[in-house]
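> Please work out how this folds:
(2 chains)
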Number of protein chains: 2
Amino acid sequence: MLATIITIGDEILIGQIVDTNSAWMANKLNEIGIKIHEVISIPDDERHILEAVDKAMNQSDIVFMTGGLGPTKDDITKATLCKYFSTPLVLKEELLAQLAAYFKQRGREMNESNKMQAYLPENCEVIPNERGTAKGMWFEKGGKILLSMPGVPHEMKHIIEDHILARLQRNYALPFIHHKNIMTVGLGESYIAEKIADIEDSLPPHIKLAYLPHLGAVRLRLTGRSTEATQLISEITVISEKIIERISFYVYGYDELKLEEALGHLLKKYGKTISTAESCTGGSVAAALTSVPGSSAYYEGSLVTYSYEVKQRELGVKAETLEKFGAVSSETVEEMLQGILLKMNTDYGIAISGVAGPGGGTPEKPVGTVFVCVGRKDKMQTKRYQLTQNRADNIALTTTYAMFQMKCFIDECEKLI
Amino acid sequence: MLATIITIGDEILIGQIVDTNSAWMANKLNEIGIKIHEVISIPDDERHILEAVDKAMNQSDIVFMTGGLGPTKDDITKATLCKYFSTPLVLKEELLAQLAAYFKQRGREMNESNKMQAYLPENCEVIPNERGTAKGMWFEKGGKILLSMPGVPHEMKHIIEDHILARLQRNYALPFIHHKNIMTVGLGESYIAEKIADIEDSLPPHIKLAYLPHLGAVRLRLTGRSTEATQLISEITVISEKIIERISFYVYGYDELKLEEALGHLLKKYGKTISTAESCTGGSVAAALTSVPGSSAYYEGSLVTYSYEVKQRELGVKAETLEKFGAVSSETVEEMLQGILLKMNTDYGIAISGVAGPGGGTPEKPVGTVFVCVGRKDKMQTKRYQLTQNRADNIALTTTYAMFQMKCFIDECEKLI
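Have a look, this model is predicted:
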């Protein structure tokens, strides 16, 4: 099954937004055995949309479109599809009722342009979208399928994941594809590649390995394609075990697992609690920890201590320590850690201080210098990191590395018991 | 001048990487008045590349291509362009010397596949690339231009910025393009559209308006195209002022300004400080505030108070309040606010408590119920929000709305003085 992806929106063609929808869709469709033939981005322009749709319908079995379904005047995808499929725009009464309920529930008034969202091409099947007012539309013509979805990423993802993928797998004979992701932190992709070069070289032709690095983490994705499902799964399991044996220290889990979830699982498993004292990360580690549903089982609270004064008053960091070693030092983060453990009365804690940039660097502690202390009342581990020149990257990298350092520390401590 | 962008690479079509090159090029080209007609992403496949190049050369004046110029076997762009332009691949002696110097300087050996980088299509003009071994190639055919560049982002950017943009501006009569973005929070795109329908309807044909919504914020973008720069800028200024007059309450700034930056500017302007007490957002507001360089001028610290106990102990929320009204209530966030103002001794504060989900909802306070209190010691404002079913969206939306509520409150207070 061959697909074309069309993303519609002037904002893509003037470079105001990066089209992330295509990559997300391509990835999901590949996982179920649909191959992407081409990705096309075009403006909100009727002639253009008609041409692109016609080409896509000719060259592929299924076309995925996003964008141009909003209630405003610049959104013309719906009217253009009516033209392409020679079908009128009609009021779907049940959709109008749903829309009314949607607005009522949110305590908002439904205006005329909102009501337009209940008008859809007569010959399309309506695909539910519980996240917004623009529905998905499934068209069929000459044995080909066209799926039109809103361009808002979380709405598009919801439609694809909850209403499309399983249906395509059920109704079409797609090859069996199996993926296994090995999630790692702390080792660059070229170093991983070096450690597993011989395993990679001996992969059979139907199994591929990809390295997907992102801000301090590298995801290793094994992808196999076969008609023999059971055999493929066991082949991939054997290979992934071989890989993990080589880099076990850096592996924190499989597949879509996030590092904050892995850390949460560990705390739940051992019945332990955690708190954080953050300076340069400004609450990012706390936000990551609490992004996990159910995190209240091991998390009660945190402090962001940006200034010297707050570090002293709230965490008991000594004035002499700050004066002698500076806020960005192992001495300071160690006192911060003991302070937060005492204040929040948790088993484990993370304390962070660094120079996120762009200002604040010195020759000894340039921008990108970060100290992370993880530990418990009787035992600590402090590491100094030298990161990048970019503030946002430094915050994101520190958040990842701090959680990884904490996870390794807890692993170590709890194994000893 | 109309352009097509073609990005080549299997990794794009399996969703392994997001194609950020296109958006970057589109943005740069738009700035000098080149309009992007289409962006096409295709695999490393000869027939595909030939078709895409042919279509692009027919439909536009200039074609920008990236990718497929590496030294490995899967890179076939160069050979394919030779076919398209009916020209042989020839050794460029001066390039071979440059390559030898490049490898010598880096202390690396030049192997056979590296040497292949000195072979280029005979009829192309070589565009320098000081950042890598694959040069840019400028082709002309039937009055049209095709520029082929490596896909490595920093190499492509270097070629465009240092060798292409000025040349295009010098040699071609390009129109003047002007963008103005109006940044808003708190009003859905359809409501904005309703309020400014007559302004939108009366826009001249050379000025367009687009709505770009993202998690509670809507960016309104005016784009104009003209040969008269001064006149266009003043036209767009007049229109944007008209729009702002209608929705002034929801506008927080222009162009690339982020809400946390706008809030920071305001605090700096009035010499005031801020702190936060967060429950369901878990530190996201603090992280947003401190993502702004220089935020230490108005920010010293924050508390994340997830549990009842920490709310009581650290912020002085009364046990009776929590028992009688619950943690998710206006009464609780108001006590949290007074607690954090006292603790951090700041002029302004934000306190947040809500049901982020997926668990914890009740009939009276379903998932998505959030209370935000902003204020100072003598004056507070509390709002109840009813958001979505999605935890991550609820946290992101609350972060945006809380900062916007705070900004409006400060505006109001400081104006009164």
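> From chain B, how far out is the residue of chain A most remote from its centre?
Distance from the centre of chain A peaks at residue A:320, with 42.2 Å (C-alpha atoms, centre = their mean). Plainly put, residue A:320 is 20 Å away from chain B if you go by C-beta to the nearest C-beta, to the nearest Å. Placement of C-beta: from N, CA and C, glycine included.
> Quick check, pLDDT for that residue.
With respect to pLDDT, residue A:320 has a value of 98.
> got the contact list for it?
When contacts are counted by C-beta atoms under 8 Å, 6 or more residues apart in numbering or on different chains, residue A:320 touches no other residue.
> Return the alpha-carbon coordinates of the helix or strand hosting it using PDB.
Using DSSP states H and E, residue A:320 sits in helix A:319-325. Extracted C-alpha coordinates of helix A:319-325, given in PDB (Å, rounded to 0.1, in the frame of the first residue of the first chain):
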ATOM      1  CA  ALA A 319      26.400  32.000  52.700                       C
ATOM      2  CA  GLU A 320      30.100  31.000  53.000                       C
ATOM      3  CA  THR A 321      29.500  28.200  50.500                       C
ATOM      4  CA  LEU A 322      27.900  30.500  47.900                       C
ATOM      5  CA  GLU A 323      30.700  33.100  48.500                       C
ATOM      6  CA  LYS A 324      33.600  30.700  48.400                       C
ATOM      7  CA  PHE A 325      32.500  28.300  45.600                       C
END
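> How about that helix, which residues are buried there?
A:321-322, A:325 (16 or more other C-beta atoms under 10 Å in any protein chain shown).
> From the chain's centre, how far out is it? Work that out for me.
40 Å (C-alpha atoms, centre = their mean, to the nearest Å).
> same question, stretch A:393-413
18 Å.
> Tell me the one among the buried residues of helix A:319-325 nearest to chain B.
residue A:322 (14.1 Å; C-beta to the nearest C-beta).
> Would you confirm that that closest one contacts residue A:311?
Yes - using C-beta atoms under 8 Å, residue A:322 makes contact with residue A:311 at a distance of 6.9 Å.
> Could you name every residue contacting both of these two?
With C-beta under 8 Å, 6+ apart as the test, residue A:322 and residue A:311 both reach residue A:332.
> got any ranges where the stretch 51-200 of chain A has weak pLDDT?
Within the stretch 51-200 of chain A, no range satisfies pLDDT under 70.
> how about the residues of it near chain B?
Near chain B, the residues belonging to the stretch 51-200 of chain A are A:52, A:70-74, A:105-108, A:111-114, A:130-131, A:152, A:154 when assessed by C-beta under 8 Å from any C-beta of the partner chain.
> now do 6 Å
By C-beta under 6 Å from any C-beta of the partner chain, the residues of the stretch 51-200 of chain A that approach chain B are A:71-72, A:74, A:106, A:111, A:113-114.
> Quickly check these for the two that are furthest apart.
Greatest spacing in these, by C-beta to C-beta: A:74 and A:106 (23.8 Å).
> How is chain A partitioned into domains?
A:2-171, A:176-254, A:270-416 (automatic domain parsing).
> and among these, the most buried is which?
domain A:270-416 (a mean of 21; mean count of other C-beta atoms under 10 Å in any protein chain shown).
> Compute the first-to-last residue distance for that one.
For domain A:270-416, the separation between the terminal residues is 12 Å (C-alpha to C-alpha, to the nearest Å).
> Count the neighbours of residue A:262 for me.
19 (other C-beta atoms under 10 Å in any protein chain shown).
> pretty sure it is in a strand, no?
No - the assignment for residue A:262, made by DSSP: H, G, I helix; E, B strand; the rest coil, is helix rather than a strand.
> Which residues lie in contact with it in this structure?
Residue A:262 makes contact with A:252-253, according to C-beta atoms under 6 Å, 6 or more residues apart in numbering or on different chains.
> what about 7 Å?
For residue A:262, the contact set (C-beta atoms under 7 Å, 6 or more residues apart in numbering or on different chains) comprises A:252-253, A:407.
> How about residue A:392?
Listed by C-beta under 7 Å, 6+ apart, the contact partners of residue A:392 are residue B:291.
> Got phi/psi on it?
phi -60, psi -40 (degrees, to the nearest 10).
> With residue A:281 instead?
Dihedral angles (degrees, to the nearest 10) for residue A:281: phi -80, psi -10.
> How about the one 10 residues further on?
Summarising the backbone geometry of residue A:291 under the convention degrees, to the nearest 10, its torsions are phi -70, psi -20.
> cool, residue A:127 as well?
The phi/psi pair for residue A:127 (degrees, to the nearest 10) is phi -100, psi 130.
> Rebuild the residues of the stretch 51-200 of chain A next to chain B as CSV, extending it with secondary structure and distance to residue A:336.
Formatted as CSV, those follow (DSSP: H, G, I helix; E, B strand; the rest coil; distance: C-beta to C-beta, whole Å):
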residue, secondary structure, distance to residue A:336
A:71, coil, 50
A:72, coil, 49
A:74, coil, 51
A:106, coil, 42
A:111, coil, 52
A:113, helix, 52
A:114, helix, 50
